[in-house]
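S.K.: 3D model of this:
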Amino acid sequence: MRYRAPSREAVEPGVFGRLPLAAWREYSALLEGTPWPSIAALNERLPADAGTRFLAQTPTLLADGLHYEQRIAEHGDIATREGNWHDLLNALVWLRYPALKQALNQRQMAEIARMGPKQRSRSQYALTHFDEAGVIVALRDRALLALWDAHDWHGLFWRHRQAWIDGSIQLEVFGHALLELALSPDKLLVGKALVFQSSGDLDAGQLRATCAEAIASGQLLRDPLELRPLPLSGIPGWHPGNGDETFHRTTVCYQPRRAGREYPPAYVC
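M.R.: Below you'll find the predicted structure:
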C-alpha cells in the first residue's frame, strides 16, 4: 500500500526531536510551523548563485511538456507541489545537498538521452532509489562492513553498538521519501546506503563532495544492487525499543541476506 503522510496538523510534534528529522533542525520553521511554507519562502533559502529555483507545480507549468529532470537541467526549475510533505522535504534536500542533487540530475539526463523518456535503465533505478531513500555512510572498521554485508544485524547494531555512538560510523540521511516516512513514528525505517571507507574521521562537507563527484562521474549508482539496505531503526537513539537486545533478535526490519546477494566494496576516500 502506498504510504500517505499525515496531514500537517496531525503530525506528532515529537518526531521532529527524533532522528532522522532532528538532524534537520535548521529548517524547523519550514517543518514545524502551522502554515505550509510558501514557494517564495523556500526560494529565500537558496543562495544567490544557486542556479535553481522552486516553482509551484501547476497545470500551466506542466504544459511545457518537459520531463521533471529536463526542466531542472535546462531551466533550473524544480517543480514543487505546494502543501505536500514529499516535495517540501525534497526542497530541503536541495537546500542542504545541492551538489549531490545536481549530480543525480546530470546522470538522469544522460540516461534519458541514451534510453529515451519512456524507458528506464538499471542506472536510473539506482539513481532514483538513492534520491528517495538514500543514506551516505562512512566507516573506518572493515570488520563492521563484513557484519553488514552478512546481514548480521545483531552484531552490527548490538554487539558493536558503541561504533554508532563514538563516531566509528558516520551517516547522513539524504533520501526525502525516507524523511517523509519518519513523520509517522510507528514506521521502521530502512535506507538504501552508499558506503565510504575512510582511515580517519571525514568532514561532512568532504564526504558530501566525494559522494557527489563519484556519482557525477558514473563511478557510483550504476546499478541498484550497489545499494546496501540499512535498517536505521537499529541505530542507538533512532527507535525507542532498540535499547533492548530482544529488538535486535526479533524486529521485522532486519531481513536475512538473500542467497547469492553480494555487495560491491566500499568506496575508498
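
S.K.: Now do the strands in the stretch 101-250 of the chain.
M.R.: 134-139, 169-173, 190-197, 228-231 (DSSP state E, counting those that start in this stretch).

S.K.: Tell me which of the ones you listed is the most buried.
M.R.: Counting by mean count of other Cβ atoms under 10 Å, strand 134-139 has the highest mean neighbour count of the strands of the stretch 101-250 of the chain, with a mean of 24. Any C-beta I mention is one placed from the backbone N, CA and C, and that applies to glycine too.

S.K.: for that one, packing partners?
M.R.: Under the contact criterion of 3 or more Cβ pairs under 8 Å, 6 or more residues apart in numbering; DSSP states H and E, strand 134-139 touches strand 169-173, strand 190-197, helix 204-216.

S.K.: Just give me the neighbour total for the residue lying closest to Q124 once chain neighbours are set aside.
M.R.: Counting by Cβ to Cβ, 6 or more residues apart in numbering, Q124 lies nearest to E111, which is 4.8 Å off, once chain neighbours are set aside. E111 has 20 neighbours, counted by other Cβ atoms under 10 Å.

S.K.: ok, now which ones touch E111?
M.R.: Neighbour list for E111: R120, S121, S123, Q124, L127 [criterion: Cβ atoms under 8 Å, 6 or more residues apart in numbering].

S.K.: so H86 touches A177, yeah?
M.R.: Yes. H86 lies in contact with A177 (Cβ atoms under 8 Å); the separation is 6.7 Å.

S.K.: Can you pull out the low-pLDDT segments for the stretch 151-269 of the chain?
M.R.: Applying pLDDT under 70 to the stretch 151-269 of the chain flags residues 201.

S.K.: how about 50 then?
M.R.: Residues of the stretch 151-269 of the chain meeting the criterion pLDDT under 50: none.

S.K.: what's the distance between the residue nearest to Q124 and G134?
M.R.: According to Cβ to Cβ, to the nearest Å, E111 stands 17 Å off from G134.

S.K.: quick revisit: what pLDDT does the model give the residue nearest to Q124?
M.R.: Note on E111: pLDDT of 95.

S.K.: So what's the residue count around the residue nearest to L62 when sequence neighbours are not counted?
M.R.: Excluding its sequence neighbours, the residue lying closest to L62 (Cβ to Cβ, 6+ apart) is A79, at 7.4 Å. A79: 18 surrounding residues under other Cβ under 10 Å.
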